[in-house]
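Visitor: Mind looking at a prediction? Sequence and model below.
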Amino acid sequence: MMKSVCSLIPVILLTAQCWVMGTGGDAGGDGKGDSMLKMLGLTAAFSIRDVATNSQGSGIANESTTLQLAPVNLIGADRVNPVVTIGADDTNLYLGTSHSIVAYNRATGTNTWLGGGTAQSESIFRYPQDFAWDNGYLYFGGGGQIQRLFTGSDGKGAIETAVPYSQIGGSNGVRGLSTNSRTAFWVAYNGSYDIVMARSLTQAGPPQSLLTIPNEVTIRASESALYVMVLPRPGNGAVLRYDLATGTITVIQAGLSLAPYYRIPNAISGGRFFWASGSNIYSVSHTATVPELVAAGIPNVREISVEGNQLLALQYEYASSPSKIFRVDLPTGVVTQAASGAGHGALRTVLRHGGVSYWATPWALYKLNSDGSTSALYSQDPVSSSTPIGATGDATLIGVGDRIILAFGSSSHLLSHDITTGVNNIIEPASLRCGRDCLSTDGTWIYAGSGAGIYRIPSDLRLRSADQVTQGPVSSHQWLIDGDSIYWSGRDGANPDGIFRAGKDGSARQQLFAGPHRGLILYNDRLYFTCNSCTTVPGWVIASIPKEGGAVIPEVGLGLEPGKLVRKGDIFYITDRLAGTPWLLFALNMPLQQAAVVGEVGGNDYDLSVSDKYVYAISSGWTMRFKTKAWDSYSSRQTIPISSNAIHFSGNSLYWWDSTKGLQKIDE
């Protein structure tokens, strides 16, 4: 029998309008006294203890069935770095990787890289999560702050993943990289041997292993062939050609001296491949097998670069003898000295691009002017610079369009020099590990080998960056947008833990509540959250404040360890447990001020999602759902056999990231 005290006592608190007590009494009190406390605001308007105590042994569905999955694969795991979180709006799924955001259009199936891939201080995409879209901006948390990214047409791009790390195939990242217009080729190291790998840049599919060689190798790709430089330790080197159409391997030249730098400098221009050995420089057409001597008498060649009928050769010497750059006129074979390292420091690499000769030292980029003088295009103090592009180790210098790109093996930064404007930009692709031959270009994209796989970077380097909205740290899953304001839990600068409000651009910050708490949802112009003894009621409660700030009101009494709080319409859902009970999922009817048990769950770390048909409890190790019959009536638990760190329910579909298959989906 149910009895109501609503008709007996006048309503004196807005949040304690009515309390209905079940036949099991007041869960530890005499009923009358506890109900009076609720009316006086000294306890919450209603409590999960009532229904949980009354329901023991009387209807909680503990049995479970397992859902048989037949998922649809939306994006292959070989196209995106591992996804760590998923969000959604009415149009897109938002996939957050460790340092980037990808939008998947559910109607068209197309992917758009919105931003990220860099670790620049002004645009830190560090495990982005909790996505919300509003008026052309994508808001997201991560890295201890809330940021927003403009998603409209702004002519900007993002650093993308061409080959994720899981597809590299070795144990030491990318050791060498070369691309043509269709394919990325790279060298992966696997213990005692190198593996030459390839993957299409235009079609989906896993990479292929082309060659396994028990020595270190470097590579250079043309449209028809892949040249492989074999570098045994000790021994003499060799140049091989791998025909991309037939897979035929041809030895172009063997017995090559690798002294003193243990390398075979090489370059491709037009229809010919060039390389240096000893004091000689050779070339061969892509269809021939007999090398031709290009130039002789240039010892200790470290790097070469070719464009048109001009070849540059860097003769690298130690400090006792400055390095020199020689220019070879290919039609005549005439060799002239173009520049000297005297006054420029140790020369590391050379480039011929757009009819101009460039070279780099550990901390600077130079060019050779038409009158024979030199100009420093970029120079820095390595001590005072916060983003040094130079260092020890190998350097890579490439040209694409009106850009010169420089990277050093021991630096995580790339320097981009705009030839037209003279402007220099430094970017820091996340996890960049750029050794010898770590950069390549197909004329549109710059490809870079990294510790996270192979990136491709728009050649104009017009990258989207995010605006910082909060000054962090912001707790995960605890922020929302309403009207012209953004609300969040956490901190704001030096302010202590609490709930804050600001304009959507981060302006006009205001603290609404001070103190530890969990969760944040908006309902009837009030902010709801859970807290422990933060009101007149001892213990855990769901409390609320006006969204403009004001007095804290206890709303619902809770148990020992409440979990995430979510809502759908007038119904709140939360996980919690009492002394002697398992973890339970509760439904809270706020207008009726009544609670019901949905079912048993395994803990309080579940992410809750609610559709018109089901209540989902989602975790990385165990995902389940309960079918809704009425707000206070649910079917038995159905286990969904998914193990993933990125699971999200949206619309009528459950999405998750499978580490081997990619983005998966099942419909209700």
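Guide: Structure's in. What do you need? Numbers count the residues shown, from 1 in each chain.

Visitor: Give the ranges of residues in the stretch 351-500 of the chain that sit below the confidence cut-off.
Guide: 381-393, 409-411, 433-436, 471-477, 492-495 (pLDDT under 70).

Visitor: my bad, the stretch 51-200 of the chain
Guide: 52-63, 120-124, 171-172.

Visitor: That one: strands as residue ranges?
Guide: Along the stretch 51-200 of the chain, counting by DSSP state E, counting those that start in this stretch, strands occupy 64-66, 72-75, 85-88, 92-96, 100-105, 111-116, 129-134, 137-142, 145-150, 160-164, 174-179, 183-189, 194-200.

Visitor: now for the ones you listed, which one comes closest to residue 417?
Guide: With CB to CB as the measure, strand 174-179 is the member of the strands of the stretch 51-200 of the chain nearest residue 417 (20.7 Å). For the C-beta atoms, the positions are set from N, CA and C on the backbone; glycine is no exception.

Visitor: Could you tell me how far the closest one lies from the centre of the chain?
Guide: On the basis of CA atoms, centre = their mean, to the nearest Å, strand 174-179 sits 22 Å off its chain's mean C-alpha point.

Visitor: re the thing from before, can you say which of the strands of the stretch 51-200 of the chain is nearest to residue 298?
Guide: That would be strand 174-179 among those, by CB to CB, at 23.9 Å.

Visitor: Show me what the closest one is packed up against.
Guide: Counting contacts by 3 or more CB pairs under 8 Å, 6 or more residues apart in numbering; DSSP states H and E, strand 174-179 packs against strand 183-189, strand 216-221, strand 439-441, strand 445-450, strand 453-458.

Visitor: quick one: the residue nearest to residue 509 when sequence neighbours are not counted from residue 626, how far?
Guide: Distances taken as CB to CB, 6 or more residues apart in numbering place residue 502 nearest to residue 509, at 4.5 Å, with adjacent residues excluded. For residue 502, the distance to residue 626 equals 37 Å [CB to CB, to the nearest Å].

Visitor: What angle do strand 145-150 and the helix or strand hosting the residue nearest to residue 509 make with each other?
Guide: Secondary structure from DSSP states H and E places residue 502 in strand 495-503. Interaxial angle, strand 495-503 versus strand 145-150 (axes from the mean of the first three to the mean of the last three CA atoms, to 10 degrees): 20 degrees.

Visitor: Now the helix or strand following strand 495-503: buried residues?
Guide: Once the chain leaves strand 495-503, the next helix or strand it forms, by DSSP H and E, is strand 510-514. Buried residues in strand 510-514, defined by neighbour count with 16 or more other CB atoms under 10 Å: 512, 513.

Visitor: What's the mean pLDDT across the helix or strand that comes right after strand 510-514?
Guide: Using DSSP H and E, the next helix or strand after strand 510-514 towards the C-terminus is strand 518-523. Taken as a whole, strand 518-523 carries a mean pLDDT of 93.

Visitor: who touches strand 518-523?
Guide: 477-480, 482, 487-489, 499, 527-531, 544, 547, 562, 564-567, 572, 590 (CB atoms under 8 Å, 6 or more residues apart in numbering).

Visitor: what's the pLDDT at residue 657?
Guide: Taking residue 657 on its own, its pLDDT is 92.

Visitor: rewinding a little: among the helices and strands packed on strand 174-179, which is nearest residue 367?
Guide: Nearest of these (CB to CB): strand 439-441, 18.3 Å.

Visitor: which outside residues touch that closest one?
Guide: 177-179, 184, 221, 396, 398-400, 405, 407, 414, 446-449, 459.

Visitor: show me where the stretch 201-350 of the chain has strands.
Guide: Counting by DSSP E, counting those that start in this stretch, the strands of the stretch 201-350 of the chain are 208-213, 216-221, 225-231, 237-243, 249-256, 266-269, 272-277, 280-285, 292-295, 301-307, 310-315, 324-329, 334-340, 349-353.

Visitor: Make a markdown table out of those strands and add distance to residue 440 and mean neighbour count.
Guide: As requested, those are arranged in a markdown table below (distance: least, CB to CB, whole Å; neighbours: other CB atoms under 10 Å):
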| stretch | distance to residue 440 | mean neighbour count |
| --- | --- | --- |
| strand 208-213 | 16 | 15 |
| strand 216-221 | 8 | 23 |
| strand 225-231 | 12 | 22 |
| strand 237-243 | 17 | 20 |
| strand 249-256 | 21 | 14 |
| strand 266-269 | 11 | 20 |
| strand 272-277 | 15 | 24 |
| strand 280-285 | 20 | 20 |
| strand 292-295 | 23 | 17 |
| strand 301-307 | 14 | 23 |
| strand 310-315 | 18 | 24 |
| strand 324-329 | 22 | 20 |
| strand 334-340 | 25 | 15 |
| strand 349-353 | 13 | 24 |
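
Visitor: worst average pLDDT in those?
Guide: Minimum mean pLDDT among the strands of the stretch 201-350 of the chain: strand 334-340, a mean of 89.

Visitor: Show me what that one is packed up against.
Guide: strand 324-329, strand 356-361, strand 364-368.

Visitor: any chance of the ones you listed in a markdown table, plus distance to residue 161?
Guide: Putting the helices and strands packed on strand 334-340 into a markdown table (distance: least, CB to CB, whole Å) gives the following:
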| stretch | distance to residue 161 |
| --- | --- |
| strand 324-329 | 36 |
| strand 356-361 | 27 |
| strand 364-368 | 28 |
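
Visitor: for those, which one sits closest to residue 140?
Guide: When the helices and strands packed on strand 334-340 are compared (using CB to CB), the closest one is strand 364-368, at 35.5 Å.

Visitor: and that closest one with strand 349-353, angle?
Guide: Going by the same axes, to 10 degrees, strand 364-368 makes 50 degrees with strand 349-353.

Visitor: What is the neighbour count of residue 346?
Guide: 15 (other CB atoms under 10 Å).

Visitor: Distance-wise, check it relative to residue 131.
Guide: Taking CB to CB, one finds residue 346 at 48 Å from residue 131.

Visitor: Equivalent analysis for residue 265, please.
Guide: 48 Å.

Visitor: So residue 533 is in contact with residue 539, correct?
Guide: Yes. Counting by CB atoms under 8 Å, residue 533 touches residue 539, with 6.3 Å between them.

Visitor: Just want to know which of the two has more residues nearby.
Guide: Neighbour count, other CB under 10 Å: between residue 533 and residue 539, residue 539 has more, with 17 against 12.

Visitor: contacting residues for that one?
Guide: So residue 539 contacts 532, 533, 557, 558 (CB under 8 Å, 6+ apart).

Visitor: how does it look with 7 Å?
Guide: 532, 533 (CB atoms under 7 Å, 6 or more residues apart in numbering).

Visitor: Give the other helices and strands that the helix or strand hosting residue 663 contacts.
Guide: Element membership for residue 663, per DSSP H and E: strand 662-667. On a contact count with 3 or more CB pairs under 7 Å, 6 or more residues apart in numbering; DSSP states H and E, strand 662-667 meets strand 72-75, strand 653-658.

Visitor: okay, those, which one's buried deepest?
Guide: Highest mean neighbour count of those: strand 653-658, a mean of 22 (counted as mean count of other CB atoms under 10 Å).

Visitor: Next, the contact list for residue 352, please.
Guide: Contacts of residue 352 (CB under 7 Å, 6+ apart): 305, 306, 307, 310, 312.
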